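Undergrad: quick check, what structure comes out for this input:
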Amino acid sequence: MKHLVILGGSDGTVSAFRAARRLGLSTICVDMRADAPGVAEADEFLHLSTRDVAAVAAALRGRADLAGLLAPGSDINLPSLVELAGLLGLPCGLTEETLRVSTDKAAFRETCLRLGLPSPRYSTDPEVRPALPVIVKPVDSGSSRGITIVGAQEELAPAVEHARALSPTGRIIVEQLLTGQDLCAEAMLQDGTIALLGLSRRVTEPPGVVAIGHDMEPGDDVLAKEVVRQLELVCAEVGYTDGPLNVDLFVEGGVVTLIEMGARIGGNGLGEALGLMYGVDTVEATVRLAVGERPDLTPARCGTASVRVLRAPRAGTLRRIEGLESLPGSAEIVVVARPGDPVVPYTECRAKLGYVVDHTAPDLDALVRVDVD
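TA: Residues are numbered from 1 along each chain as shown. The predicted model follows:
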């Protein structure tokens with residue numbers, strides 16, 4: 001049986017393991033955490049850091065049963081994916097420039113400016129920054145880690161220090177804080193053209209900035225066409241022709257500003273939500289691309305979809321999650337925490353207990369109870 005190597009075992013990879021299984025592929029999970037959610041979904045486990053490319057390549061080299069590599073849910077493993085594909089002779093749709101804009105926020109900003117696309121004022125030097133308020137981020141970290149909104153001068157230095165600490169390279173970016181509609185775009189690209197697009201409203205609990213859910217729809221024609229235009233320009237510029245896209249953007253006064261882009265399946269159930277909207281299994285499609293096949297992206301319908309994150313009300317030990325059985329039968333449920341696990345409030349993506357995807361927004365607060373000791 002052919003094997004798909006999945007780099008990382010976070011909750012954002014679970015749907016990919018399940019999709020591979022539906023397609024008759026065995027899976028190998030590579031992660032430094034033996035308790036990562038994807039480990040339980042995999043047929044084999046390599047207890048290695050995804051960043052230790054030499055060790056992963058040594059463990060896999062010579063195997064004739066490898067069909068492809070995938071790094072879903074986070075940009076952090078994309079560099080290892082590209083390097084390993086070259087070492088092992090496996091398919092890879094990411095060019096070096098695609099990798100660069102997916103993993104370096106400053107590189108993405110440079111690309112948008114080069115194409116004449118709208119862009120917030122920004123700087124990689126906190127001493128030469130846009131006027132307050134600003135948002136400070138690590139250049140190369142994901143999952144909403146290290147992000148701080150700064151409204152006063154005395155808040156800037158701690159925010160920069162926090163972002164640097166969570167950047168693998170110690171680099172940060174300071175951006176003008178945009179206002180307007182904060183959206184996420186999830187898309188599938190085929191032959192350089194956006195075949196499927198979902199625009200989702202980020203649901204937050206102020207003052208927090210981490211999304212507790214998303215409500216996804218196709219978007220009105222004018223907005224969708226402008227998002228498609230910009231994304232196709234960026235993808236053509238970096239040589240990316242086929243695969244998933246996960247994008248953050250703002251819309252104000254009819255102006256669309258792309259903020260970040262990753263050439264991978266979105267985490268927090270966004271990849272599954274896009275498929276639910278169109279009746280196309282977009283996670284399966286991404287797996288097919290990873291093993292060198294061409295997926296059918298013909299929509300069967302065009303609807304809406306919602307994601308809600310399962311989260312702990314406070315720090316402590318998870319006792320139980322009750323009420324999941326009361327959710328609609330159409331809902332896709334991913335639970336990554338177990339009774340006895342330590343839990344913390346949901347202030348960053350990796351603190352989630354799981355998520356639920358359905359056609360309409362599930363009222364988790366009314367239907368599901370998370371008990372914490």
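Undergrad: now the stretch 101-250 of the chain, which segments are flagged as low pLDDT?
TA: The model of the stretch 101-250 of the chain has pLDDT under 70 over residues 142-144.
Undergrad: can you rerun that using 80?
TA: 141-145, 205-210 (pLDDT under 80).
Undergrad: now the strands for it?
TA: 122-123, 134-138, 148-150, 172-176, 181-190, 193-203, 213-217, 243-252 (DSSP state E, counting those that start in this stretch).
Undergrad: just put those in JSON lines and tack on mean neighbour count and distance to K2.
TA: All C-beta spots, glycine's among them, are computed from the backbone N, C-alpha and C. Below are the strands of the stretch 101-250 of the chain laid out as JSON lines (neighbours: other Cβ atoms under 10 Å; distance: least, Cβ to Cβ, whole Å):
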{"stretch": "strand 122-123", "mean neighbour count": "18", "distance to K2": "44"}
{"stretch": "strand 134-138", "mean neighbour count": "24", "distance to K2": "37"}
{"stretch": "strand 148-150", "mean neighbour count": "17", "distance to K2": "45"}
{"stretch": "strand 172-176", "mean neighbour count": "23", "distance to K2": "40"}
{"stretch": "strand 181-190", "mean neighbour count": "22", "distance to K2": "23"}
{"stretch": "strand 193-203", "mean neighbour count": "20", "distance to K2": "25"}
{"stretch": "strand 213-217", "mean neighbour count": "22", "distance to K2": "32"}
{"stretch": "strand 243-252", "mean neighbour count": "21", "distance to K2": "20"}
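Undergrad: distance to D31 for those strands - can I get that in CSV?
TA: Formatted as CSV, the strands of the stretch 101-250 of the chain follow (distance: least, Cβ to Cβ, whole Å):
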stretch, distance to D31
strand 122-123, 33
strand 134-138, 21
strand 148-150, 28
strand 172-176, 27
strand 181-190, 24
strand 193-203, 27
strand 213-217, 25
strand 243-252, 20
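Undergrad: let me know which of these is the nearest to T317.
TA: strand 213-217 (24.7 Å; Cβ to Cβ).
Undergrad: what angle do strand 243-252 and the strand or helix carrying G271 make with each other?
TA: Assigned by DSSP states H and E, G271 belongs to helix 270-278. If you take axes from the mean of the first three to the mean of the last three Cα atoms, to 10 degrees, helix 270-278 sits at 90 degrees to strand 243-252.
Undergrad: can you list the buried residues in helix 270-278?
TA: Across helix 270-278, burial judged by 16 or more other Cβ atoms under 10 Å covers 270-278.
Undergrad: centre of the chain to the longest helix belonging to the chain, how far?
TA: If you go by DSSP state H, the chain has its longest helix at helix 221-238. Distance of helix 221-238 from its chain centroid, counting by Cα atoms, centre = their mean, to the nearest Å, is 19 Å.
Undergrad: elements contacting that helix?
TA: Counting contacts by 3 or more Cβ pairs under 8 Å, 6 or more residues apart in numbering; DSSP states H and E, helix 221-238 packs against helix 96-103, helix 105-114, strand 181-190, strand 193-203, strand 243-252, strand 255-262.
Undergrad: and with 6 Å instead?
TA: Here helix 221-238 touches helix 96-103, strand 193-203, strand 255-262, going by 3 or more Cβ pairs under 6 Å, 6 or more residues apart in numbering; DSSP states H and E.
Undergrad: report the strands that pair with the second one, each with its relative direction.
TA: It refers to strand 193-203. Strand pairing for strand 193-203, using DSSP bridges, gives strand 181-190 (antiparallel), strand 213-217 (antiparallel).
Undergrad: hmm, who's touching it?
TA: 182-188, 211-216, 219, 224, 228, 231, 274, 277-278, 297 (Cβ atoms under 6 Å, 6 or more residues apart in numbering).
Undergrad: quick one: it to helix 221-238, angle?
TA: Using the same axes, to 10 degrees: strand 193-203 against helix 221-238 is 120 degrees.
Undergrad: one more: the first one?
TA: Between helix 96-103 and helix 221-238, the angle formed by their directions is 130 degrees, by the same axes, to 10 degrees.
Undergrad: kindly format the C-alpha coordinates of helix 96-103 as PDB.
TA: Taking Å, rounded to 0.1, in the frame of the first residue of the first chain, the C-alpha atoms of helix 96-103 are listed here in PDB:
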ATOM      1  CA  GLU A  96      10.800  28.500  -3.700                       C
ATOM      2  CA  GLU A  97       9.100  31.900  -4.100                       C
ATOM      3  CA  THR A  98       5.700  30.300  -3.100                       C
ATOM      4  CA  LEU A  99       7.400  29.000   0.000                       C
ATOM      5  CA  ARG A 100       8.900  32.400   0.800                       C
ATOM      6  CA  VAL A 101       5.700  34.300   0.700                       C
ATOM      7  CA  SER A 102       3.900  31.600   2.700                       C
ATOM      8  CA  THR A 103       6.400  31.700   5.500                       C
END
